[in-house]
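Asks: My questions are about this predicted structure, shown below with the sequence.
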Amino acid sequence: MSTQDVITRSDSGCGHITLNRPKALNALTLDMCRSIIAALQSWQADPDTGAVIIDHGEGRGFCAGGDIRVLFESLKGDGREARDFFRTEYGMNHLLFEFKKPTICFMDGVVMGGGAGIAMPCRYRVASELTMFAMPETGIGLFPDVGGGWFLSRLPGRIGQWLAMTGARLNGADCMSVGLATHYLPHDALAQVKLRIANAPDAIDAILRDAAMPPPMAGIDRQRHAIDRLFASDRVEDIVAALKADPSPWAAEQLAQIEKKSPRSCKIALRQLSLGRRFTRFSDNMRMEFRMATRLIEIPDFIEGVRAFVIDKDNRPAWTPPRFEDVSDGEIDAIFAPLPAGEEWTELWKE
């Protein structure tokens, strides 16, 4: 049930998944996703398993996302491994969302992209002073996937749209303020809390309530009004115009970040969140995101974004097209269109 990169075990009626790839900030691989799925399916069927803990081993990252270097190499060929990765990862996200037993994710470190895809479906999401949350995918020509269309669109006001477009980073207090986390615990208390939960998985609420502490003041609270006002539109051009018209240094910083992102990805992300907010089933959101991912990995922006920020690290991507106004509505429509018969994403238990 385990690989070197992810450790799964069961103790005293509690399943335990530990991400264990510290040199890569626990970036997810296809095999890691498969191991997590196998463990969850086993525990789902086991009447003696009362809850599941998800955490990471040594290092500062809970999970920095998917291993985009592997995806990059796959797309130099036929891209089969990249498509298999997204299909499997999204199946894992959906399995966590539908999991019938309590799941507790300890977001104690870097939580980006695929890491958020593991954490956000969990019933309990524990932040600490080491938490650093972000969805930075528009900066590499993708979009905030792994369920981002669902959970970002349900954050208060326009915070989800701001996070998707800018890739802004939130600390643990920020995560508590906007609802990304359910509890705030000091890092030094986590080991004891995990042990208590493992020994009494039917007492999770009381254990977390007793151990939790009030978070520090959340920095994001100072910008909530500005975010709702400046990111009010579902059109990138409107948001850019509003930021340009605002004289505050904060608005200038947000504009500078957006102008680094893939124009196509920013437009797609806003459409994604608008549609995701309307879904009543998480599976419908994941089907939409698989269509998007399948289309976008075939477009040069993803390869260019990974080259610029991960491979060559010159931080100078040449987006195509380079301007927001050059991305047509027709291009965006095509990204969201249904896939051919037999290629759509389906729930694991329907395959």
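Replies: Nice, I can see it.
Asks: which residue lies farthest from the center of the chain?
Replies: Most distant from the centre of the chain: residue 247, at 31.7 Å, with distances by Cα atoms, centre = their mean.
Asks: pretty sure it is in a strand, no?
Replies: No - according to DSSP: H, G, I helix; E, B strand; the rest coil, residue 247 belongs to no strand; its state is coil.
Asks: That one and residue 226, how far apart?
Replies: 12 Å (Cβ to Cβ, to the nearest Å). Every C-beta, even on glycine, is put in place using the N, C-alpha and C of the backbone.
Asks: number of nearby residues for residue 211?
Replies: Using other Cβ atoms under 10 Å, residue 211 has 18 neighbouring residues.
Asks: Could you give the number of residues near the closest residue to residue 232 other than its chain neighbours?
Replies: Nearest residue to residue 232 in three dimensions, chain neighbours excluded: residue 158, at 6.1 Å (Cβ to Cβ, 6 or more residues apart in numbering). Using other Cβ under 10 Å, residue 158 has 22 neighbouring residues.
Asks: One more: residue 253?
Replies: As a burial measure, residue 253 scores 13 neighbours (other Cβ under 10 Å).
Asks: and the gap between it and residue 73?
Replies: When residue 253 is compared with residue 73 (using Cβ to Cβ), they lie 34 Å apart.
Asks: cool, residue 145 as well?
Replies: Taken as Cβ to Cβ, the span from residue 145 to residue 73 is 19 Å.
Asks: Those two - which one has more neighbours?
Replies: The neighbour comparison of residue 145 against residue 73 (other Cβ under 10 Å) goes to residue 145, with 29 against 13.
Asks: So that one sits against residue 289, correct?
Replies: Yes - using Cβ atoms under 8 Å as the test, residue 145 is close enough to residue 289 to be in contact (4.8 Å).
Asks: what sits in contact with each of these two?
Replies: Residues touching both residue 145 and residue 289 (Cβ atoms under 8 Å, 6 or more residues apart in numbering): residue 90.
Asks: which one's the longest helix in this protein?
Replies: helix 80-98 (DSSP state H).
Asks: same for that one, what does it pack against?
Replies: Contacts defined by 3 or more Cβ pairs under 8 Å, 6 or more residues apart in numbering; DSSP states H and E place helix 80-98 against helix 30-45, helix 68-75, helix 114-119, helix 282-296.
Asks: what about 10 Å?
Replies: Packing partners of helix 80-98 (3 or more Cβ pairs under 10 Å, 6 or more residues apart in numbering; DSSP states H and E): helix 30-45, helix 68-75, strand 103-107, helix 114-119, helix 148-151, helix 282-296.
Asks: C-terminal to the fifth one, what's the next element?
Replies: Read that as helix 148-151. Counting by DSSP states H and E, the next helix or strand C-terminal to helix 148-151 is helix 159-166.
Asks: From the contact counts, what lies against that next one?
Replies: Contacts defined by 3+ Cβ pairs under 10 Å, 6+ apart place helix 159-166 against strand 132-134, helix 148-151, helix 172-178, helix 224-230, helix 236-245, helix 249-258, helix 263-276.
Asks: change it to 6 Å
Replies: helix 249-258, helix 263-276 (3 or more Cβ pairs under 6 Å, 6 or more residues apart in numbering; DSSP states H and E).
Asks: Counting by contacts, list what the lowest-mean-pLDDT helix or strand in the chain packs against.
Replies: Here the helix or strand of the chain ranked lowest by mean pLDDT, DSSP states H and E is helix 68-75, holding a mean of 84. If contacts are counted by 3+ Cβ pairs under 6 Å, 6+ apart, helix 68-75 sits against helix 80-98.
Asks: make it 7 Å
Replies: Where contact means 3 or more Cβ pairs under 7 Å, 6 or more residues apart in numbering; DSSP states H and E, helix 68-75 is packed against helix 80-98, helix 300-306.
Asks: Please list the residues outside the last one that contact it.
Replies: For helix 300-306, the surrounding residues in contact (Cβ atoms under 7 Å, 6 or more residues apart in numbering) are 68, 72, 75, 139-142, 262, 264-265, 296, 317-320.
Asks: Can you select the buried ones among the residues you listed for me in PyMOL?
Replies: Typed into PyMOL, the line below selects the buried ones among the contacts of helix 300-306, using 16 or more other Cβ atoms under 10 Å:
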select buried, resi 68+72+75+139+140+141+142+262+264+265+296+317+319
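Asks: what about residue 191, which SS state?
Replies: helix.
Asks: For burial, what's the neighbour tally of it?
Replies: By other Cβ under 10 Å, neighbour count at residue 191 equals 11.
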